[in-house]
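Novice: Provide a 3D model corresponding to the input given below.
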Amino acid sequence: MAKALLPLPLLASLLFFFSCSQEEKPVPVDLSKREGLYSGKEDYTINYAYLPQFSHRVSFARHNPLVGYLSRETGLPLKQVFPDTFDEHIKMVGQGKIDISFSNPAAYVKMAHRFGAWAFARIIEEHGKPSFRGHIICRIDNPSIHTLEDCRGKRWIAVDPTSAGGYIFGLGHFFDHGIVKEDFAEIAFAPGPGGKQEKVVLAVYAGRYDIGTVREGALTVVADKVDVSEIRIIASTDYYPGWVYAARKDFDPALVEKINGALLRLDRENPAHQPILRAAHISGAVRSTDEDFDPVRELFRKVRFDLDD
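Specialist: Now for the predicted structure:
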């Protein structure tokens, strides 16, 4: 019986292997010297995260051009990462998984208190100020709500317990008008990961809740989904310090200064910067320090907000 022949490619590979094994000489190895194993990652990556007030799709569209600009300007390897929730974002800063955080001032105050994060810049909002506010909204055809006082006994949906414009600012506004949490039939928070501002507007539009709280400018995000003229702003809150750039504790201050310098150089009169700023819905940035956010801490004390919660 004829013997089966090996396929030619396999036979050639075996001959090459054995010929190399016979010809190669042993290589001396000095076991007193060792190199670290390659982990498959770059030497380092600077993780940049946008607090997930909007969907990941919106977060990426708004900040990917900005992250690219910062990388080019500084020569640093910035990468945008996407926490699913406000709480996850805060914890990732504490775990060192987020190096540069872009968040609302309420989340920042919690991160500073719990994990030692430190502020270095605030954005200039599209209206030209480094501050913003929240809106309290309802359907325009809701027959039972005409004034802020009419919100008593109603079902309220907010963005997140740590949302500034989408909850804390509104809570403070109600408090200043003699309305406390116990006066509502229900206070609910937008479910699921990301997209929470949109979910509040859609829940009010659909009639699932009587009132909602969102940050200024959130209605434009859902203008392609619903007729936002059907939504009425019942009241607007006071202005508070704007969204903040913060670094995690122990992050290299020299790297922060490079990133901050690039942020501060953004100029809405510069044609090359205009699409970056438009995408991010900001007008620029200013230097900031932790003390800038003391008005938010005072608001927390007023509404008895627990920073450790």
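
Novice: just the helices in the stretch 1-150 of the chain please.
Specialist: 8-23, 56-74, 86-94, 105-115 (DSSP state H, counting those that start in this stretch).

Novice: export the longest one as CSV, just CAs?
Specialist: It stands for helix 56-74. Output of helix 56-74 as CSV, limited to C-alpha atoms (Å, rounded to 0.1, in the frame of the first residue of the first chain):
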residue,chain,number,x,y,z
HIS,A,56,-22.5,58.3,23.8
ARG,A,57,-23.2,59.2,20.2
VAL,A,58,-23.8,62.9,21.1
SER,A,59,-20.8,62.9,23.5
PHE,A,60,-18.5,61.5,20.8
ALA,A,61,-19.8,64.0,18.2
ARG,A,62,-19.4,66.9,20.5
HIS,A,63,-15.9,66.2,21.9
ASN,A,64,-14.0,64.0,19.4
PRO,A,65,-12.9,67.1,17.4
LEU,A,66,-11.8,68.7,20.7
VAL,A,67,-9.9,65.7,21.9
GLY,A,68,-8.1,65.5,18.5
TYR,A,69,-7.2,69.2,18.8
LEU,A,70,-5.8,68.8,22.3
SER,A,71,-3.7,65.8,21.2
ARG,A,72,-2.3,67.7,18.2
GLU,A,73,-1.6,70.9,20.2
THR,A,74,0.1,69.1,23.1
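
Novice: any idea where the strands of the chain begin and end?
Specialist: Counting by DSSP state E, residue ranges of the strands within the chain are 46-50, 78-81, 100-103, 118-125, 131-132, 134-139, 155-158, 186-189, 211-215, 231-236, 240-241, 244-247, 282-287.

Novice: angle of the first one against helix 56-74?
Specialist: Yep, that's strand 46-50 we're talking about. Strand 46-50 runs at 140 degrees relative to helix 56-74, counting by axes from the mean of the first three to the mean of the last three C-alpha atoms, to 10 degrees.

Novice: what packs against strand 46-50?
Specialist: helix 56-74, strand 78-81, strand 100-103 (3 or more C-beta pairs under 8 Å, 6 or more residues apart in numbering; DSSP states H and E). In short, each C-beta sits where N, CA and C put it, glycine included.

Novice: quick one, it and helix 86-94 angle?
Specialist: 160 degrees.

Novice: contacts for strand 46-50, please.
Specialist: Outside strand 46-50, the residues that touch it by C-beta atoms under 8 Å, 6 or more residues apart in numbering are 59, 62-63, 67, 70, 76-83, 89, 92, 97-103, 255, 259.

Novice: of the helices of the stretch 1-150 of the chain, which is nearest Asp292?
Specialist: Proximity to Asp292 (C-beta to C-beta) singles out helix 105-115 among the helices of the stretch 1-150 of the chain, at 8.4 Å.

Novice: before we move on, back to that, could you dump the helices of the stretch 1-150 of the chain into JSON lines and include distance to Asp141 and mean neighbour count?
Specialist: Putting those into JSON lines (distance: least, C-beta to C-beta, whole Å; neighbours: other C-beta atoms under 10 Å) gives the following:
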{"stretch": "helix 8-23", "distance to Asp141": "75", "mean neighbour count": "9"}
{"stretch": "helix 56-74", "distance to Asp141": "28", "mean neighbour count": "17"}
{"stretch": "helix 86-94", "distance to Asp141": "31", "mean neighbour count": "21"}
{"stretch": "helix 105-115", "distance to Asp141": "32", "mean neighbour count": "24"}
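
Novice: before we move on, the earlier item: pick the most buried one from the strands of the chain.
Specialist: Ranked by average neighbour count under the criterion mean count of other C-beta atoms under 10 Å, the strands of the chain are headed by strand 211-215 at a mean of 29.

Novice: want to throw the strands of the chain into JSON lines with distance to Ala272 and mean pLDDT?
Specialist: Listed next are the strands of the chain as JSON lines, based on distance: least, C-beta to C-beta, whole Å; pLDDT from 0 to 100:
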{"stretch": "strand 46-50", "distance to Ala272": "20", "mean pLDDT": "98"}
{"stretch": "strand 78-81", "distance to Ala272": "18", "mean pLDDT": "97"}
{"stretch": "strand 100-103", "distance to Ala272": "21", "mean pLDDT": "98"}
{"stretch": "strand 118-125", "distance to Ala272": "18", "mean pLDDT": "97"}
{"stretch": "strand 131-132", "distance to Ala272": "26", "mean pLDDT": "95"}
{"stretch": "strand 134-139", "distance to Ala272": "33", "mean pLDDT": "98"}
{"stretch": "strand 155-158", "distance to Ala272": "38", "mean pLDDT": "98"}
{"stretch": "strand 186-189", "distance to Ala272": "40", "mean pLDDT": "97"}
{"stretch": "strand 211-215", "distance to Ala272": "28", "mean pLDDT": "97"}
{"stretch": "strand 231-236", "distance to Ala272": "34", "mean pLDDT": "98"}
{"stretch": "strand 240-241", "distance to Ala272": "28", "mean pLDDT": "96"}
{"stretch": "strand 244-247", "distance to Ala272": "21", "mean pLDDT": "98"}
{"stretch": "strand 282-287", "distance to Ala272": "14", "mean pLDDT": "97"}
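
Novice: appreciated, that's everything.
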